[in-house]
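1. pasted the sequence and its predicted model underneath.
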Amino acid sequence: MITFMNNSDSEEEPCNERTSLMSAESPPVPSYQDGLQASEAGEAQAHRKRRAGSSRGPNNITGGEMSGSGVPVRESALENEEEELTLKYGAKHVIMLFVPVTLCMIVVVATIKSVRFYTEKNGQLIYTPFSEDTPSVGQRLLNSVLNTIVMISVIIVMTVFLVLLYKYRCYKFIHGWLILSSLMLLFLFTYIYLGEVLKTYNVAMDYPTLFIVIWNFGAVGMICIHWKGPLQLQQAYLIMISALMALVFIKYLPEWSAWVILGAISIYDLMAVLCPKGPLRMLVETAQERNEPIFPALIYSSAMMWTVGMAKPDTAARGPSHQTWDTAEDGREHLRSSSHAESQMSETRSPVPTRPITSLQELEEEERGVKLGLGDFIFYSVLVGKAAATASGDWNTTLACFVAILIGLCLTLLLLAVFKKALPALPISITFGLIFYFSTDNLVRPFMDTLASHQLYI
Amino acid sequence: PAFGLFIFTIARDPLRIIILIAGAFFWLVSLLLSSLIWFIAVKASNPQDERLQKGLLIFGVMFSVLLQEAFRFLYYKLLRKAIEGLVALSEDGCSPISIQQMAYVAGVGFGLMSGAFSMINLLADALGPGTVGIHGDSQLYFLTSAFMTMVLIFLHTFWGILFFHGCEHRRWWEIAAVVIMHLTVSGSSFCNPLYVGSLVPSYLLMAAAAAWAYLLSGGSVQNLRRFLLCKC
């Protein structure tokens, strides 16, 4: 474990810059709305009478690359209806986020329950220098608070550093950093994880096979996350690395520190995103100003899966109603065939001339869903994993925390639809999760145990 | 079976999934509050006194039942408001999901959560080694627990429909009937391990509730016959 700890510097960097950055919901929140408007407009067209609402979507894109030339006059009348419809289609997006969060939590809980490695205490990260093995309660509490302060300050420093780099356009450095960190995550952590899982199930695997498997996994992961790849594969990889990161946290954070850190991080998230000078907010705003996406390795994008199926009826339905968009649609068809992936606007597409870009953006706007930072995934999974690992009420507590987090996510998305700007995803869910964890563990568990022993039903 | 219900009827529509999870959440909160009350009562009382503990347990169960129904009512209120919002938002002036569907989904949500909480520790322990009933308890523990849980889940579903229907049409007697039924079922589980006393009435009540809910949802004997005949 000593070698692991020595490496922890470089590999904890990724964890910190990930956690610090991820908590924001990303800039395309306006495009979330637009995406919704455009998507529901597309669907509305596919389903019923034609609407000119689709042209509204591109107008709001935060780049202003769209020209408002083809916009019909009655757009303004439909504007209100479209805004109202965002909430209706919000349900679909909520589910699109429920599924990956659930999957991540399932992976983490399954691992925690079966592989004993992740619940053994084998040392601490250097970011939590104070040990919790002290005899007295007060001392332990103090140590955990100090640990939290250290961790949060590390995260703040990392975030500010990242924002400064972004502001001064040191893109190469950021990219290099991200690539290094995801490399580390994909290879080293996967190796350890696989090793432990194989040990638990007593399956023998020789080193060459292991090498080939991990090499393939890691290489495809790098390509998927940082470059192009099928959307579902990219989502699967992001879920995997979130789960791995969460497992590392669960293993290496001492008990009380973990809970205090969870609480503190949600407060930090709240402040970092909502305060005008908060680093995350500045990052989001800078990205919006420059009309660039946030780095693909840090955000989970839940774009709708049925890209091809949905776009086709759209082009068919909308073709006749918008002469101005005809050439754009042709461009879109062409672009769609050339790049199957549909995740985010990447800088490689910018050299393409304006018209196809607008169409491509339109394509992406239609199908873009909500974006959730990876750090949110990680911390949700940490909460549920810790509940699974340490709660004596076993599955009840885990289930309660799971439902609490999902409801928190729902509420956050509702607020997102109401406020229409980047919101922190952590506070509400983590608060609910914490409340439910502590109350279920201490209050509900004795009650249910007594009921079960007498076989009473409520 | 409950999981099958979930997959076939609810998993398609995202709105229903949200309502389901919210229903589960409400049940959970009601459980939380009732266990809080029980906990306080236990702590405040003498832990040595067996009869008192049992009495407190019974009290806790009854209180929990009442709280669950209260939360079902609160959930109903929330869903009413949500329906109005959805109606305002939708294009053609009618909600994408009707109040009956919501009642059904809410009932399933409640049922799933209560079933999960009742069963899941049992299931986890069942995976391990051991013999059932080795200390003189009934050997049918797992089986009866499974059946009881299933009947409870179904009952919650039906109660959801009945309850919401009662609230909609302002028929207080329907709501009272649901509450009384719930109390009866929980009370009958006090007869455990005399399983005859608990399982049989529960199943009978479930059949009654099922028929009632079916009739309320607009079904009829005609429909049933047509459905069965069309199949073959």
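-> Looks like it came in fine.
2. ramachandran coordinates for residue A:372?
-> Backbone torsions for residue A:372, taken as degrees, to the nearest 10, come to phi -130, psi 140.
3. distance check, it against chain B.
-> As judged by C-beta to the nearest C-beta, to the nearest Å, residue A:372 and chain B stand 16 Å apart. In this view, the C-beta of every residue, glycine as well, is placed from N, C-alpha and C.
4. give me the pLDDT value at that residue.
-> If you check residue A:372, the pLDDT there is 78.
5. where do the strands of chain A begin and end?
-> A:299-301, A:371-373 (DSSP state E).
6. would you mark the buried spots in the last one?
-> Same thing as strand A:371-373. The neighbour-count check on strand A:371-373 (16 or more other C-beta atoms under 10 Å in any protein chain shown) flags A:371, A:372, A:373 as buried.
7. quick check: bridge partners of the first one?
-> Partner residues in beta bridges with residue A:371, using DSSP bridges, are residue A:301.
8. how many residues are close by residue B:111?
-> 28 (other C-beta atoms under 10 Å in any protein chain shown).
9. got it, and residue A:399?
-> Neighbour number of residue A:399 under other C-beta under 10 Å is 23.
10. which non-adjacent residue is nearest it?
-> residue B:116 (5.8 Å; C-beta to C-beta, 6 or more residues apart in numbering or on different chains).
11. let's see stretch A:150-160 as CSV, backbone CA atoms only.
-> What follows is stretch A:150-160, C-alpha atoms only, in CSV (Å, rounded to 0.1, in the frame of the first residue of the first chain):
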residue,chain,number,x,y,z
VAL,A,150,-7.9,20.2,4.4
MET,A,151,-9.8,18.3,1.7
ILE,A,152,-12.1,21.3,0.9
SER,A,153,-9.2,23.7,0.7
VAL,A,154,-7.4,21.3,-1.6
ILE,A,155,-10.5,21.2,-3.8
ILE,A,156,-10.9,25.0,-3.8
VAL,A,157,-7.2,25.5,-4.7
MET,A,158,-7.6,23.0,-7.6
THR,A,159,-10.7,24.5,-8.8
VAL,A,160,-9.3,28.0,-8.8
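12. just the buried residues of that stretch, please?
-> For stretch A:150-160, by 16+ other C-beta under 10 Å, it's A:150, A:151, A:152, A:154, A:155, A:158, A:159.
13. helices - which of these land there?
-> Under the assignment DSSP state H, the buried residues of stretch A:150-160 contribute A:150, A:151, A:152, A:154, A:155, A:158, A:159 to helices.
14. what's the pLDDT at residue A:430?
-> For residue A:430, pLDDT reads 90.
15. so it makes contact with residue A:384?
-> No - counting by C-beta atoms under 8 Å, residue A:430 does not reach residue A:384; the two are 11.0 Å apart.
16. the more surrounded of the two?
-> Set residue A:430 next to residue A:384 and count neighbours by other C-beta under 10 Å: residue A:384 wins out with 30 against 25.
17. where along chain B do the helices fall?
-> Assigned by DSSP H, chain B shows helices spanning B:2-5, B:14-44, B:50-89, B:99-126, B:141-168, B:172-188, B:195-216, B:221-231.
18. including mean pLDDT, could the ones you listed go into TSV?
-> As requested, the helices of chain B are exported to TSV (pLDDT from 0 to 100):
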stretch	mean pLDDT
helix B:2-5	63
helix B:14-44	80
helix B:50-89	78
helix B:99-126	72
helix B:141-168	76
helix B:172-188	77
helix B:195-216	72
helix B:221-231	67
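19. JSON lines please, covering these and showing distance to residue A:240.
-> Putting these into JSON lines (distance: least, C-beta to C-beta, whole Å) gives the following:
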{"stretch": "helix B:2-5", "distance to residue A:240": "26"}
{"stretch": "helix B:14-44", "distance to residue A:240": "24"}
{"stretch": "helix B:50-89", "distance to residue A:240": "35"}
{"stretch": "helix B:99-126", "distance to residue A:240": "25"}
{"stretch": "helix B:141-168", "distance to residue A:240": "34"}
{"stretch": "helix B:172-188", "distance to residue A:240": "44"}
{"stretch": "helix B:195-216", "distance to residue A:240": "43"}
{"stretch": "helix B:221-231", "distance to residue A:240": "45"}
